[in-house]
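Participant: Here is my input; please provide its structure:
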Amino acid sequence: MGQNGRIFQNNDNSLTISEAQEVHSGMYTCIARTRLDTSEAHATLIVRDVPNPPVNVRVQCSAREAVVHWEPNGDNREPIFEFIIQYSTSFEPGEWKDIKTDIAGTDLSSSVELSPWVNYTFRVRAKNRIGLSNASAPSQEVCTTPPDVPFKNPDNVQGRGDTPNNLVISWTPMPQIDHNGPGFYYEVKWLPVNPDPIAQRVEQSEIITDWQKGSLTVPNVPTYVPFDVKVVAGNALGPSKAANAPPVRGFSGENIPTEAPKKFYLSELVNGKTARVEWEPVAADSIHGDFKGYKIIVQPEGDEKPREIRVGPNATTAIVDVLKPASKNTVTVQPYNGQYDGPVSEPLVFETPEGAPGRVSDLRAYPMGRGAIFLEWKPPAEPNGKLLSYEIEIKEVDGLAVSEPIREPTIITDLNQNAVKLAGLKPDTKYRIELAATTAAGKGETGIVESATDSNRTMEAMALLPPPGVPDFVLSGKTNESIIVSWQPQSAAGGGHRIGEHFFVEHRRKGDGEWSKTKDELNGLSTEIFGLDPGTTYEVRVVAVEGDHQMRGPIHEVTTEGERVGEAPSPYGFASYPWFIALMCLLALLLLICLIVCVVRRSKRGGKYAVNEGDRSKRPASYDYEKAPTIPQGLATNNLPKVRPNDGGINGDENASIISREGGGSEADSMEEYGDPDQPKMFSEDGSWIGQYASNTVRSNDAVVSTTVAQHPTGSTFV
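Facilitator: Modelled structure (predicted):
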């Protein structure tokens, strides 16, 4: 890349001149060379610039006037249409101000008026359509004017107290160029205004020699009384030529009003925003100042900042139209003067009904292909009650003409929804969309936005479209066999992308490789996936389509409801409920208590049973239950079983009876003795068989066999 001062050769075969000036005007030639030949191209560049500064500035001075002369120094290819004369004084050296403008571009001199007692220096500037030239060199001549009295008095004279007992007289200080001579001063005058024309009035005054001072405070005056005030300029030669100018009416300081309005009441509640209130006026002498009127203050419940309206001093009623609908409002009224607010009235507290909502905020519309428009919004900042729905109307726009609604309004009752796809529209058509929120009080203020659908495009044009934005996934619901998926298209505002012409959803079982897709959703912003397995995790994503572009959103995992087919229920699912754990603990405690009671009762019996009188009468008198049993008399030993030593055991089945009965005892005689009426009864009347118990001991070859009938509680059934 070549570089020469402010001229740069760029890589894209172009030439850039930075801060071009008139000297860069001329013929430019571009030459292309090869080994065989050359080729040239020519271009003429004309640079227009601001004029050059005028030269040779000269001045002819007199007592009250100067004539300034100059010469132009080139217009840089753009004609000069105006000259400007500037001056500087010894009061502010180096500060240049315009003294005369709009001098024709053909003029080379002009006269200017001068103030007394000033040293002037002049310079000139030229102007064309490009801009203003630099200033010429200052004139060699300095014009010095003789002194005189001031020609004027200070501007903006006012009289107003800032406390209840003073008077502040203020004015704008006069610059030195208006002093017109040495010894400059201000003479401040004030005179009380007495409504009695015969009463004597005494004017007072004070001299201020500091020319930069702009106020004087007069103390110890009554509260809010009128004064005539005046400020006269003067110097060593005398007062100004405007010394006889009329005075300005002022007032001493105000005080706080002392009376609150009485009988403040609500005369009519018009609607949720408007009410009429009335009150009795306050006395004029309670204002203690300039009576400006009344302030009506409204403080809605829940709002930090109060609302206010003002009415004039003669008003005794007002229409308050700043109420907050569907809320409690506290309203007061108070007088005020120029400095202070007075005491407030007794408050009015009342509930307002619902009102029509305000306009929705941030209403936007974007084309979604050739037959739909995407509409999004935010709820109204002032709902004025409980929102019930949004109503959307669509109208066609043809130039300045707007049609009637092309179909019935679209009603949205889901208040969490803040976007909708308006499908079924014509291609390449402009539409006006009107949206309003509603409450029980009716339809609110309408928001309006216009947008046009896309035109029919060729395949090549479709390929040139920017890709759509990534849609936001929203899970709207799920069942055992389905998932409801919604999405929010990404706004195109400032994003450099499209909304998306239509959408579809891809899904697969977690861990699978292949994706399944739903059909294209052309009209709405949601779809339902059917035919899924219960209790199964799926991966789901939304895909936006615009022309040949597809933009896939992030993957989300969703598990269907129910238990997975072929799997046992989780062992922790039911048992993890707190109530189930508590129930199991209670049952375990009850079971433990029952076991303890049973053990205690059994231990108290000690294996012995009470013997009733019937049992006692049947046993031998010499029988002692506490002594070791012996073989009773009359028991034949040959009826005892044959026993032989065998490691202390008994031959035969260990479950068989060890007491042999005649006839070779068997199971047949186990219950006959108890159930056969021909057999002797072994139970007493009360069912006890303890009296029949016996213990037999047989010795045989050093082996001792004891047979004892097992004890059973009274009332048990023996099998």
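Participant: what sits against the closest residue to Leu415 other than its chain neighbours?
Facilitator: Residue nearest to Leu415 in three dimensions, not counting chain neighbours: Leu387, with 5.4 Å by Cβ to Cβ, 6 or more residues apart in numbering. Every residue, glycine included, has its C-beta placed from N, CA and C. Leu387 sits next to 357, 379-380, 415, 437-439 when contact means Cβ atoms under 8 Å, 6 or more residues apart in numbering.
Participant: can you pull out the helices in the stretch 401-550 of the chain?
Facilitator: Under the criterion DSSP state H, counting those that start in this stretch, helices of the stretch 401-550 of the chain are mapped to 459-463.
Participant: For Phe374, see how far away the nearest residue to Glu450 once chain neighbours are set aside is.
Facilitator: Excluding the flanking residues, the one nearest Glu450 by Cβ to Cβ, 6+ apart is Arg432, at 5.1 Å. Arg432 is 15 Å from Phe374, where distance means Cβ to Cβ, to the nearest Å.
Participant: Those two: which is more packed in?
Facilitator: A count of neighbours by other Cβ atoms under 10 Å puts Phe374 above the other of Arg432 and Phe374, at 24 against 17.
Participant: Help me confirm that the more buried one comes into contact with Tyr366.
Facilitator: Yes - Phe374 is in contact with Tyr366 according to Cβ atoms under 8 Å; the separation is 4.8 Å.
Participant: shared neighbours, the two?
Facilitator: Joint contacts of Phe374 and Tyr366 (Cβ under 8 Å, 6+ apart) are Ile499.
Participant: sec struct for Ala137, please.
Facilitator: Three-state assignment for Ala137 (DSSP: H, G, I helix; E, B strand; the rest coil): coil.
Participant: whoops, I mixed them up, His69
Facilitator: strand.
Participant: what's around it, how many residues?
Facilitator: Neighbours of His69 (other Cβ under 10 Å): 16.
Participant: do you know how far it is from Ala137?
Facilitator: His69 is 14 Å from Ala137, by Cβ to Cβ.
Participant: Tell me which helix or strand the residue nearest to Leu415 sits in.
Facilitator: Per DSSP states H and E: Leu387 is located in neither a helix nor a strand.
Participant: Now the phi/psi pair for it, please.
Facilitator: When read as degrees, to the nearest 10, the backbone of Leu387 gives phi -70, psi 140.
Participant: what residues are up against Glu501?
Facilitator: 368-370, 372, 468, 545-547.
Participant: Kindly write the PyMOL command that selects the buried subset of the contacts of Leu387.
Facilitator: This is the PyMOL syntax for the buried subset of the contacts of Leu387, where burial follows 16 or more other Cβ atoms under 10 Å:
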select buried, resi 357+379+380+437+438+439
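Participant: Just to be sure, which of the contacts of Leu387 are found in strands?
Facilitator: 437-439 (DSSP state E).
Participant: Could you identify the buried members of the contacts of Glu501?
Facilitator: 368-370, 372, 468, 545-547.
Participant: tell me the average confidence for stretch 194-212?
Facilitator: The average pLDDT within stretch 194-212 is 84.
Participant: what does stretch 247-262 give?
Facilitator: 96.
Participant: Show me what counts as buried in that stretch.
Facilitator: Going by 16+ other Cβ under 10 Å, stretch 247-262 has these buried residues: 247-248, 250-257, 259-261.
Participant: Show me where the stretch 101-250 of the chain has its strands.
Facilitator: Using DSSP state E, counting those that start in this stretch, the strands found in the stretch 101-250 of the chain span residues 109-113, 119-128, 143-144, 155-159, 166-172, 185-192, 204-208, 215-219, 226-235, 238-239, 248-251.
Participant: a markdown table for these, including distance to Ile406?
Facilitator: Converted to a markdown table, the strands of the stretch 101-250 of the chain look like this (distance: least, Cβ to Cβ, whole Å):
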| stretch | distance to Ile406 |
| --- | --- |
| strand 109-113 | 69 |
| strand 119-128 | 57 |
| strand 143-144 | 79 |
| strand 155-159 | 63 |
| strand 166-172 | 65 |
| strand 185-192 | 75 |
| strand 204-208 | 77 |
| strand 215-219 | 69 |
| strand 226-235 | 69 |
| strand 238-239 | 81 |
| strand 248-251 | 66 |
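Participant: for those, which one sits closest to Asn13?
Facilitator: Across those, Asn13 has its closest neighbour in strand 119-128 (33.7 Å, Cβ to Cβ).
Participant: Would you mind writing the CA trace of the closest one as CSV?
Facilitator: Extracted as CSV, the C-alpha positions of strand 119-128 are listed here (Å, rounded to 0.1, in the frame of the first residue of the first chain):
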residue,chain,number,x,y,z
ASN,A,119,-11.1,50.2,23.1
TYR,A,120,-12.1,48.1,20.0
THR,A,121,-10.1,45.8,17.7
PHE,A,122,-11.8,44.2,14.6
ARG,A,123,-11.5,41.1,12.3
VAL,A,124,-13.5,39.6,9.4
ARG,A,125,-14.6,36.1,8.4
ALA,A,126,-16.1,34.8,5.1
LYS,A,127,-18.8,32.1,4.6
ASN,A,128,-19.9,29.9,1.7
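Participant: elements contacting it?
Facilitator: strand 55-61, strand 65-71, strand 80-89, strand 143-144 (3 or more Cβ pairs under 8 Å, 6 or more residues apart in numbering; DSSP states H and E).
Participant: Distance from that strand to the middle of the chain?
Facilitator: Distance of strand 119-128 from the chain centroid (Cα atoms, centre = their mean, to the nearest Å) equals 58 Å.
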